[in-house]
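Peer 1: Below is the sequence, then the predicted model.
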There are 2 protein chains.
Amino acid sequence: MQDGDRRPTIGNVAELAGVSKTSVSFAFNAPERLRPETLMRIRRAAASLGYRPRAVSRTLAKRRQGSIAILAPHALGTMFANPNFGEFAAGALTAAEIAGYSVHFVSPLHGPLALAVDRVNAAGVIAIGLRADGPEIDEIRRSAVPVVMVDSSPSIDEPSVAVDDEAGARAAGDHLLGLGHLAFLVISLGPYPSTSGDPWSVRARRMAGYSSALAAEGIVLSEAEVEFAPASVEGGADAFLRAWAAGVRPTAVLAMSDAMAIGVLSAARQLGIRVPHDLSIVGFDDIELAPYTDPPLTTVRQPTRLKGEEAVRLLLEGPLRREDRRGGHRVLETRLVIRASTTTPAARTAGRTGRRGTGRGGSDAVVATRKSSASTEDSMHKDRQPMGIVKEERT
Amino acid sequence: MQDGDRRPTIGNVAELAGVSKTSVSFAFNAPERLRPETLMRIRRAAASLGYRPRAVSRTLAKRRQGSIAILAPHALGTMFANPNFGEFAAGALTAAEIAGYSVHFVSPLHGPLALAVDRVNAAGVIAIGLRADGPEIDEIRRSAVPVVMVDSSPSIDEPSVAVDDEAGARAAGDHLLGLGHLAFLVISLGPYPSTSGDPWSVRARRMAGYSSALAAEGIVLSEAEVEFAPASVEGGADAFLRAWAAGVRPTAVLAMSDAMAIGVLSAARQLGIRVPHDLSIVGFDDIELAPYTDPPLTTVRQPTRLKGEEAVRLLLEGPLRREDRRGGHRVLETRLVIRASTTTPAARTAGRTGRRGTGRGGSDAVVATRKSSASTEDSMHKDRQPMGIVKEERT
DNA sequence: TTGTAAGCGTTATCAG
DNA sequence: CTGATAACGCTTACAA
């Protein structure tokens, strides 16, 4: 861990160039204040020594950080296993780069996040999926570092950005109901059932959306009809297999992420279940690859990349500048994208239903648009179409 | 950018607790040296003030960084658009986390990488895809920060990790040749043709692999048969469309990344070209979703996640500890994974060939294993099968 | 067990 | 235009 070969310091350069440290500093930060020839001399000295100003010292002296931290709720290897997190990172990193900030990723692997956050000493923090009422958020508040919350409770004081999970989930449920499905399985986020039961977590909001849709038809999910899994392909596959082994026989599955939905796709294939003929699947996220799966995935699109950009923008424009480190809540819209992984249930169950006869196959399904209850200041990142429901056909 | 409300410092705590700064420091770093009651007093004082030691100051004083930087060759938004980079990040971040390091992502967006690297002041650096003979690597060397190179030239001094791109690419070419293809299009990495022409870049190595395979059948790629594109779905789609518009009519495409291959899939669909019947496609990477595309993608698997882990491990074990900041080259193997996006060419061209009659459809193709020339210390991350060629069928 | 004081490498202030 | 000198916040010999 030693640095071994000591890097040259500003002092060495000053000495070699025969000037003061101040001048050397000027040479790097305000060249115009130096006479061209001294500047040259200093530059040469610095170059010959291979001197480069050290960032830590600089930040200490200037009292200003050049980086922001992204706090992930799980180990980063796990996070990045979900392509959707890559999307988010891409958005956040892009916005940060443009503003000249570099980005730190921090996870709770080595003790609580609150501790981790000041290990990295960032100018500001973007916290993902933190509980609104947990101890962590308090710790972070006390650390006096500006924070913006992502996918957390909207009831929180800090600026935040989230998506309208509930409306999205409801649209997914409505869609399936409209096709005539009655037997569901939902693959919920997180390895365990509601350990804490934060009513404001992403999964709680999505579950509320699914439930409210199903409730309209008098359907109530039993405990067996909800599996929990990490947001990965493997997680989704395992969850479906588990449910199947437990005797659950859905005609439709609602997955809280596309990665998990793809896992279900693969598990179904393993079991010889044809999608969508025997089983309809709808995901969540609409990752870039969703249109290219086999079959193309029906899913709830969320503007993930935009979410990342907004989080950074909010941090940089709001709490980092001004005193008031609150306000600035932003709720982005979701939209159901209908592709080929959903259709009317096969005869075996379709017999007992047939309501809402949108009939003849998934690609014809057009469910009544249910207006999102969220603020709608912004349109989607991916395109200019309004939010809501969209039917995508192969070109 | 101001910090606004000054955070409490160690001095404030000392004052409030009626002790010296040293004691406060001890309270945080060597509690056992303090009498329990003083420790308590300090702790209370610190807590009441909401004091937390500042990482910058600490690093400056200890001369030791707690973070490592990952240097990306392109804007990070671009990088993360490729799911394969997410895989790499997952690997690197996992290894870093375990070792207690946090990770910084740095891109060349604001001036040269060499400058960016000391903006973040990391303990060590992982440089991706840097030219072996470029100026950047020299700059980084001079900055005296330990480096490990990823996907760079093996001829370099620094420790490095890469994969056997050439063997992988050759296997892909052989596979297609074995199926009877004669008309190819390769989608190469990077937005532009060889701006610099580093013979050791990933794309040069892969191109060499493709070429050497094709050369064995006397096929030489014309300039029109090589398109360049960013490693994204969109990039691949555009590239294929461009080539098509230019009149290129391949029966098989060799894409240097799965993301691009999926783009080709989508472009082909747009043009009404059936895959694999009218067009065979082989990708590179074998991202997690590759088995679930439509049709499932034949591709060259590289152990991307492992690559990330190894890079960090090499950095942490080698240059960060010892004086010798060289050696430790690691070349990981690749393996062709045959799925359903490749098959024998359709009649239109197959007529003039038919050699090597592996016949009846891609899923039967078994090409002779060509032993990788790379070191083979390690097996794949994803499973325990040996490297080489593998045929994957739907279960 | 606790305190004093000297760094760590820069930048900022204020003279000259 | 350039130079002393004092921060910046924390660690760490060395003393007491």
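Peer 2: Yep, that arrived.
Peer 1: where in chain A is pLDDT low?
Peer 2: Applying pLDDT under 70 to chain A picks out residues A:1-6, A:109-120, A:132, A:142-144, A:154-156, A:193-199, A:318-327, A:347-388, A:392-395.
Peer 1: if you go through it in chain order, where are the helices?
Peer 2: For chain A, the helices defined by DSSP state H cover A:10-17, A:21-29, A:36-49, A:55-62, A:76-79, A:83-98, A:113-120, A:135-142, A:165-179, A:202-215, A:233-245, A:258-271, A:304-317, A:347-350.
Peer 1: and the residue of the stretch 101-250 of chain A nearest DNA strand C?
Peer 2: Relative to DNA strand C, the nearest point of the stretch 101-250 of chain A is A:N121 (14.1 Å; Cβ to the nearest atom of the strand). From N, CA and C alone the C-beta is placed, and that goes for glycine too.
Peer 1: Excluding chain neighbours, what is closest to that residue?
Peer 2: Spatially, and ignoring its direct neighbours in sequence, A:N121 is nearest to B:A55 (3.2 Å; Cβ to Cβ, 6 or more residues apart in numbering or on different chains).
Peer 1: Next one: the one you found from DNA strand D, what distance?
Peer 2: Using Cβ to the nearest atom of the strand, to the nearest Å, one gets 8 Å for the distance from B:A55 to DNA strand D.
Peer 1: isn't that residue right next to A:H104, touching?
Peer 2: No: contact criterion Cβ atoms under 8 Å: B:A55 and A:H104 do not qualify, at 10.5 Å.
Peer 1: quick one: which of the two has more around it?
Peer 2: A:H104 (26 against 21; other Cβ atoms under 10 Å in any protein chain shown).
Peer 1: The more buried one contacts A:L71, correct?
Peer 2: No: counting by Cβ under 8 Å, A:H104 does not reach A:L71; the two are 9.3 Å apart.
Peer 1: Near DNA strand D, which residues of the stretch 201-350 of chain A? Just list them.
Peer 2: Applying the criterion Cβ under 7 Å from any atom of the strand, no portion of the stretch 201-350 of chain A neighbours DNA strand D.
Peer 1: For the closest residue to chain B within the stretch 201-350 of chain A, give me its contacts.
Peer 2: Closest contact between the stretch 201-350 of chain A and chain B, by Cβ to the nearest Cβ, is at A:D294 (3.4 Å). By Cβ atoms under 8 Å, 6 or more residues apart in numbering or on different chains, the contact set of A:D294 is A:265, B:292-296.
Peer 1: Select, from the residues you listed, the two members most distant in space.
Peer 2: Greatest spacing in the contacts of A:D294, by Cβ to Cβ: A:L265 and B:P295 (13.7 Å).
Peer 1: More neighbours: these two, which one.
Peer 2: A:L265 (29 against 18).
Peer 1: burial count for the residue lying closest to A:S48 once chain neighbours are set aside?
Peer 2: Residue nearest to A:S48 in three dimensions, not counting chain neighbours: A:L16, with 7.4 Å by Cβ to Cβ, 6+ apart. Using other Cβ under 10 Å, A:L16 has 18 other residues around it.
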